[in-house]
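*Asks:* quick one, fold the following:
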Amino acid sequence: MKYFLLLVLLHGFLSLNGQIIIKQTQPFPMEIQSLAILDNGKKVLAGSYDMKLYLIDVATGQINKEITDHKGFVLAISFNKEQNIVATAGSDQRIIIWDAATMEKKMEIPAHTDRINSLDFSPDGLKLASASDDKTIIVWDLMTGGEIFKLTDHSAPVTTIAFSNDGVLIASGGWDKMLMLHSATTGKLIGTYKGHRSTVNSADFSSTGDMMVSGSDDNTIMVWKTDTIQTIAKFEYFSQPVTNVCFFPGDKYIFCTDGSGMLKVYNLETKSMLEQKEIHNGSVKAMVMDTESGIMVTSGADKIVKIWNINEYLYFDCLKDKLSKLSDLTKPKGEFETSEQYDRRLREYDRQKDVLTKECVREADAKRKADQEIMENKILSTYEYVFFPVQNVGTYNADSQEYPITYNGQGAIVKIGLDDAKSLKENLAKAKVKAIKRIVNGNIEIFNTELIHPVTGKSFPFGRQVTSTEDKLLMKFLQRGQ
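*Replies:* Residues are numbered from 1 along each chain as shown. As a prediction, this is how the structure comes out:
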């Protein structure tokens, strides 16, 4: 069965807050629990209680595909632009990886022993984190489909999971009322954030990774520092549980939805509410954004999916200042003004507003590029080669040609030939491990580890290996060292 998006005819100019519904679907058979925006805002993927995935073509308003591979509620969807892949999961305890261009299945992972509530890709799309009612979080290697590590610190079902934008941190929350922060590299628990009085339903990182926001069944959202267990702000203006939270790019605004169908936008700098409006008849089930295409998509207990224009939030302050100079053009119709003159004046306002919006877009793009360059240069300045002495070796396995070594207080397995292994043991005191170190958000990362043979000088890579294709900063570091 096909559902068609109904185009909502818009009249007049946008409000200053600039949030306009563009399109909405007819009601689906059952509630839509999860959403993703694909193909640069041209498609929306929706996961439903009816066990189906619906692929919506935004341009034509038609559902091009109904996918029925899941055997239970589809509760979680995540999209990664780098690899152009989608992950879906739900009550059938499986994760399915799809090619986002064709929606053909690429991989299936039997993942958990209870339903899966949340998924999130690492920024590079090479790892996927899943959160489940079985009280665990698992981080998966998408090259192999294998488990990298399992987190068991939560004492109750885990409802939400999120990678930081740099892929270094993982935030999670659940029924135990806790927000937790883990290293995405090692799985080590960094911090436990206490403050909510009920289930944590949603969590998100700021774009720079220095803040987290969480929304709870206790009708509040809380904003936290990631480098300390410190609360920055708490907003309690909700009559129902908070169902979704997310930072808007630039980290000035926080978007959140609740069980009454309300969307609220908070200004974090002033700690005030910027806007609130009812967007669904009943609880808002899912909310996703794609600021590059300027849209937000929501679903609700009314079984409807709605698509919103959020472009002007990107340029709110810029437009506010520029539009103040056009106030004469937006005055009510004057006593001695004809309807034709009034309409002409509003059209002129729209024309000038369009010009000013483009100016704000150019200014914002230039600022984003400058800020990104500053952040990347800051991280790049921490890249360096480090060397560790090999402290010990275990028993060499001649069949698999694997040699256990100990360096920097940790163990590793190195693949090395028989003759090289013999001479390594004989000259162990001179053996070293070479690696690259970097610091991101205060966390030290060691990667591209390699054993340097003390006699031949041969290099034997082991452990976490990152290519310059995957990490652009690594490419700059390597070029700088040449």
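
*Asks:* show me the chain divided up by domain.
*Replies:* Domains of the chain are assigned by automatic domain parsing as 5-318, 321-379, 381-481.

*Asks:* any stretches of the stretch 201-350 of the chain with poor pLDDT?
*Replies:* Within the stretch 201-350 of the chain, no range satisfies pLDDT under 70.

*Asks:* what about the strands in it?
*Replies:* Using DSSP state E, counting those that start in this stretch, the strands of the stretch 201-350 of the chain run over 211-216, 221-225, 230-235, 242-247, 253-258, 262-267, 272-278, 284-290, 295-300, 305-309.

*Asks:* packing partners of the second one?
*Replies:* Read that as strand 221-225. On a contact count with 3 or more CB pairs under 8 Å, 6 or more residues apart in numbering; DSSP states H and E, strand 221-225 meets strand 211-216, strand 230-235, strand 253-258. In short, each C-beta sits where N, CA and C put it, glycine included.

*Asks:* and M103, which of these is closest to it?
*Replies:* strand 253-258 (26.9 Å; CB to CB).

*Asks:* other SSEs contacting the closest one?
*Replies:* strand 211-216, strand 221-225, strand 242-247, strand 262-267, strand 284-290.

*Asks:* return the most buried member of these.
*Replies:* Stretch with highest mean neighbour count among the helices and strands packed on strand 253-258: strand 211-216 (a mean of 26; mean count of other CB atoms under 10 Å).

*Asks:* tell me how far it is from the chain's mean position?
*Replies:* The chain centroid and the centroid of strand 211-216 are separated by 13 Å, computed with CA atoms, centre = their mean, to the nearest Å.

*Asks:* same deal with stretch 31-41?
*Replies:* 13 Å.

*Asks:* residues in contact with it?
*Replies:* With contact meaning CB atoms under 8 Å, 6 or more residues apart in numbering, stretch 31-41 is reached by 43-49, 54, 58, 73-79, 86, 88, 90, 100-101, 285-290, 292-295, 297-301, 303, 305.

*Asks:* let's see that with 6 Å instead.
*Replies:* Identification of contacts with stretch 31-41 by CB atoms under 6 Å, 6 or more residues apart in numbering yields 44-49, 75-77, 79, 100, 285-286, 288, 290, 293, 295, 297, 299, 303, 305.

*Asks:* adding distance to R368, write the strands of the stretch 201-350 of the chain out as CSV.
*Replies:* Formatted as CSV, those follow (distance: least, CB to CB, whole Å):
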stretch, distance to R368
strand 211-216, 18
strand 221-225, 22
strand 230-235, 23
strand 242-247, 15
strand 253-258, 16
strand 262-267, 20
strand 272-278, 21
strand 284-290, 15
strand 295-300, 18
strand 305-309, 20
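
*Asks:* ok, which of the ones you listed comes nearest T113?
*Replies:* Nearest of the strands of the stretch 201-350 of the chain (CB to CB): strand 284-290, 24.6 Å.

*Asks:* comparing the domains of the chain, which comes out most buried?
*Replies:* domain 5-318 (a mean of 19).

*Asks:* list the contacts of K303.
*Replies:* Shown in contact with K303 (CB under 6 Å, 6+ apart): P27, F28, E31.

*Asks:* past the helix ranked longest in the chain, which element shows up next along the chain?
*Replies:* For the chain, the helix with the greatest residue count under DSSP state H is helix 339-380. Downstream of helix 339-380, the first helix or strand assigned by DSSP states H and E is strand 384-393.

*Asks:* ok, that following strand: who's next to it in the sheet?
*Replies:* Strand pairing for strand 384-393, determined by DSSP bridges: strand 402-407 (antiparallel), strand 432-440 (antiparallel).

*Asks:* average pLDDT for that strand?
*Replies:* Across strand 384-393, the average pLDDT comes to 95.

*Asks:* which residues does it contact?
*Replies:* Residues outside strand 384-393 that contact it (CB under 6 Å, 6+ apart) are I405, T406, Y407, N408, A431, K432, V433, K434, A435, K437.

*Asks:* need the residues you listed in a markdown table with distance to G173, can you?
*Replies:* Shown next, in a markdown table, are the contacts of strand 384-393 (distance: CB to CB, whole Å):
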| residue | distance to G173 |
| --- | --- |
| I405 | 38 |
| T406 | 37 |
| Y407 | 36 |
| N408 | 33 |
| A431 | 44 |
| K432 | 42 |
| V433 | 37 |
| K434 | 39 |
| A435 | 33 |
| K437 | 31 |
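
*Asks:* what is the nearest of those to E450?
*Replies:* Closest approach between the contacts of strand 384-393 and E450, by CB to CB: K434, at 5.3 Å.
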